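*Asks:* Just to be clear, the model below is a prediction. Sequence and coordinates:
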Amino acid sequence: MVSFLLNLFLVFSLFQISLASRKLSEVGQDKPDQLLKYHNGPLLSGKISINLIWYGKFKPSQRAIVSDFFTSLSSPSPSQNNQPSVATWWKLTEKYYHLTSRKSPQLSLTLNKQILDKSYSLGKSLTNKQIINLASKGDQKNAINVVLTSADVTVDGFCMSRCGTHGSSVGSNAGHVKGKVYKFAYIWVGNSETQCPGQCAWPLHQPIYGPQSPPLVAPNNDVGLDGMIINLASLLAGTVTNPFGNGYFQGPAEAPLEAASACPGVYGKGAYPGYAGNLLVDPTTGASYNAHGAHGRKYLLPALYDPSTTSCSTLV
């Protein structure tokens, strides 16, 4: 019984984010037990380019799901029936900036380069250091470099303790401009479709342990990529509000709760452990979602912690 409860806790904890990783935990809750604190460090601000580094084999249709997500962050909200949108979800992060005493230019994210590494230049088993090496292939000033690994690539800790990572690194030669050293932010997310969808693609796949309710239909008909979007969205929110480990978080700096990981397992109102909440359902495909995106896309995005209400905010 003790072993079962331990396994249950581990699985429903796997979607927490930290500066080190987005862990494998999904415990639904309406209000975090602790408040996120500001640790006086800089948030990402100004014009920031998003560079995607695709490692392994991805179909063009899969790459489009991710690129459309980033485009959706700044797309106008759908006016028809006040539909919830990716842009509306992202706008909540602005509240973190308003609470700081720092006067920084408004954050503007722009999708920039896409680098394809189809030949697995570093092999199919990657270390954390190699993830950072891949991330450094993107711009190293005013950038977030996103590494996405395909379903046949293993990464240290993937599926066992995390679904993705965010952090920062000092740039190489390109990171030193006019004598100043620049840090770039990076994110890594893996495709869990064949390795651990029950851990890193929940609620689009049945969990390994815990309540075995039917999985939701993926909004883009791709469990692996739609699962990556969930993790990517969470890590992106953590990246801009805690890019260098001294922004907004709660708990130890090496394993903090951040803007999305403070609300694990919550996607819609009424969420509880094992239940993602009340979501929208596409009448044609039966897919569950909570946000409209660019080019007619639909996405499932995690709740974000609202610092003004000290509660988890959902789109639906």
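*Replies:* Structure received. Please read these numbers as outputs of a predicted model, since none were measured by experiment.

*Asks:* Going along the chain, name the helices of the stretch 51-200 of the chain.
*Replies:* Ranges of helices in the stretch 51-200 of the chain, per DSSP state H, counting those that start in this stretch, are 60-72, 86-91, 94-98, 128-135, 197-200.

*Asks:* Could I get the buried residue list for the longest one?
*Replies:* I take that to be helix 60-72. Applying a neighbour-count criterion of 16 or more other C-beta atoms under 10 Å, the buried positions in helix 60-72 are Q62, R63, A64, I65, V66, S67, D68, F69, F70, T71, S72. C-beta coordinates here come from the backbone N, C-alpha and C atoms, glycine included.

*Asks:* And the contacts of that helix?
*Replies:* Defining contact as C-beta atoms under 8 Å, 6 or more residues apart in numbering, one finds that helix 60-72 is touched by 50, 52, 54, 85-87, 109, 111, 114, 148, 220, 222, 224-226, 228-229, 232-233, 291, 293-295, 297, 299.

*Asks:* Among these, which are located in strands?
*Replies:* I50, L52, W54, L109, L111, Q114, L148, A291, Y299 (DSSP state E).

*Asks:* Please report the distance of R297 from N231.
*Replies:* 17 Å (C-beta to C-beta, to the nearest Å).

*Asks:* Pick out whichever of these two has more residues nearby.
*Replies:* N231 (27 against 20; other C-beta atoms under 10 Å).

*Asks:* Using CSV, lay out the helices of the stretch 51-200 of the chain together with distance to A287.
*Replies:* Converted to CSV, the helices of the stretch 51-200 of the chain look like this (distance: least, C-beta to C-beta, whole Å):
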stretch, distance to A287
helix 60-72, 13
helix 86-91, 15
helix 94-98, 29
helix 128-135, 31
helix 197-200, 16
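
*Asks:* what residues are up against L204?
*Replies:* So L204 contacts P197, P215, L216, V217, A218, V223, D226, G227, I230, L300 (C-beta under 8 Å, 6+ apart).

*Asks:* which residue sits closest to the first one, ignoring its sequence neighbours?
*Replies:* Excluding its sequence neighbours, the residue lying closest to P197 (C-beta to C-beta, 6 or more residues apart in numbering) is H205, at 3.8 Å.

*Asks:* returning to that earlier point: which one of the buried residues of helix 60-72 is nearest to G245?
*Replies:* Closest approach to G245 among the buried residues of helix 60-72 (C-beta to C-beta): F70, at 23.8 Å.

*Asks:* Show the pLDDT at the closest one.
*Replies:* Looking at F70, its pLDDT is 97.

*Asks:* about what we covered before: drop anything exposed from the contacts of helix 60-72.
*Replies:* 50, 52, 54, 85-87, 109, 111, 148, 220, 222, 224-226, 228-229, 232-233, 291, 293-294, 297, 299.

*Asks:* separation between I187 and S169?
*Replies:* From I187 to S169 the distance is 12 Å (C-beta to C-beta).

*Asks:* what is in contact with those two at once?
*Replies:* A135.

*Asks:* the inter-axis angle of the helix ranked longest in the chain versus helix 60-72?
*Replies:* Secondary structure of the chain per DSSP state H: the longest helix is helix 223-241. For helix 223-241 against helix 60-72, the angle by axes from the mean of the first three to the mean of the last three C-alpha atoms, to 10 degrees is 30 degrees.

*Asks:* In PDB, could you pull the C-alpha coordinates for helix 223-241?
*Replies:* The C-alpha trace of helix 223-241 is given here as PDB (Å, rounded to 0.1, in the frame of the first residue of the first chain):
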ATOM      1  CA  VAL A 223      -0.500  13.100 -28.100                       C
ATOM      2  CA  GLY A 224       3.200  13.500 -28.200                       C
ATOM      3  CA  LEU A 225       3.200  17.100 -29.600                       C
ATOM      4  CA  ASP A 226       0.200  18.200 -27.700                       C
ATOM      5  CA  GLY A 227       1.900  16.900 -24.500                       C
ATOM      6  CA  MET A 228       5.000  18.900 -25.500                       C
ATOM      7  CA  ILE A 229       2.900  22.000 -25.800                       C
ATOM      8  CA  ILE A 230       1.600  21.600 -22.200                       C
ATOM      9  CA  ASN A 231       5.200  21.300 -20.900                       C
ATOM     10  CA  LEU A 232       6.500  24.000 -23.200                       C
ATOM     11  CA  ALA A 233       3.800  26.500 -22.100                       C
ATOM     12  CA  SER A 234       4.500  25.800 -18.400                       C
ATOM     13  CA  LEU A 235       8.300  26.200 -18.900                       C
ATOM     14  CA  LEU A 236       7.800  29.400 -21.000                       C
ATOM     15  CA  ALA A 237       5.800  31.000 -18.200                       C
ATOM     16  CA  GLY A 238       8.600  30.000 -15.700                       C
ATOM     17  CA  THR A 239      11.300  31.300 -18.000                       C
ATOM     18  CA  VAL A 240      10.000  34.800 -18.300                       C
ATOM     19  CA  THR A 241       9.100  35.200 -14.600                       C
END
